[in-house]
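Novice: Okay, predicted coordinates and the sequence, questions at the end:
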Amino acid sequence: MDARTMKRLNDDLTVSPQMPIEALDHIAQAGFKTIICNRPDNEDPGQPPFSAVKARAEELGLTAVFQPVMSGNVQDGDADAFAKALNESPKPVFAYCRTGTRCAILWSLANAGKMPVEDIVKTAADAGYDMSGLAPRIAARS
């Protein structure tokens, strides 16, 4: 697992693009307790199915959560489910999707009303994700 692809949003959440199954060993060794997958199975050819990710994660003592979200179609209910998974899962959490952007969007929307919009946008930007276009939607959820 290339540490440059792992983007820390806060003490509780790091997001990443799709990783190979073998990267779960590194993720567990890095101290993560939960994996959240925001990719639907079969989104891309060659993508490991969540069942395989979950099996390996559980062998390593990690909690594995499957919350598939269609790329470009993040709904408020998806953000609410992501917030619930973050709140109820052992921390820290490692979430992934195709590029990490979906996870960052979910986190941004999940934090609406909990953090100022500017802080959400800045935190995401510091991790390499531009959420400025999402600011009105974040504000509307506040």
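Specialist: Right, received. Where do you want to start? Residues are numbered from 1 along each chain as shown.

Novice: okay, CA-based contacts and neighbour counts for the rest of this
Specialist: Noted.

Novice: got the residue ranges for the helices in this structure?
Specialist: Listed in chain order, the helices of the chain (DSSP state H) span 23-29, 50-59, 76-88, 101-110, 117-126, 135-141.

Novice: Looking at these, which one is packed in the most?
Specialist: Highest mean neighbour count among the helices of the chain (mean count of other C-alpha atoms under 10 Å): helix 101-110, with a mean of 25.

Novice: angle of it against helix 76-88?
Specialist: Put simply, helix 101-110 runs at 80 degrees to helix 76-88, going by axes from the mean of the first three to the mean of the last three C-alpha atoms, to 10 degrees.

Novice: tell me the contacts of the closest residue to residue 63 other than its chain neighbours?
Specialist: Leaving out its chain neighbours, the residue that sits closest to residue 63 by C-alpha to C-alpha, 6 or more residues apart in numbering is residue 34, at 4.5 Å. Neighbouring residues of residue 34 by C-alpha atoms under 8 Å, 6 or more residues apart in numbering: 62, 63, 64, 65, 89, 90, 91, 92, 93, 94.

Novice: circling back to that earlier point, to residue 70, which of the helices of the chain lies closest?
Specialist: The closest of those to residue 70 is helix 101-110. By C-alpha to C-alpha, the value is 8.7 Å.

Novice: For the closest one, give me every contacting residue.
Specialist: Contacting residues not belonging to helix 101-110 are listed as 15-16, 38, 69, 71-72, 74, 76, 78-80, 82-83, 95-97, 120-121, 124, 129, 131, 134, 137-138, 141 [C-alpha under 8 Å, 6+ apart].
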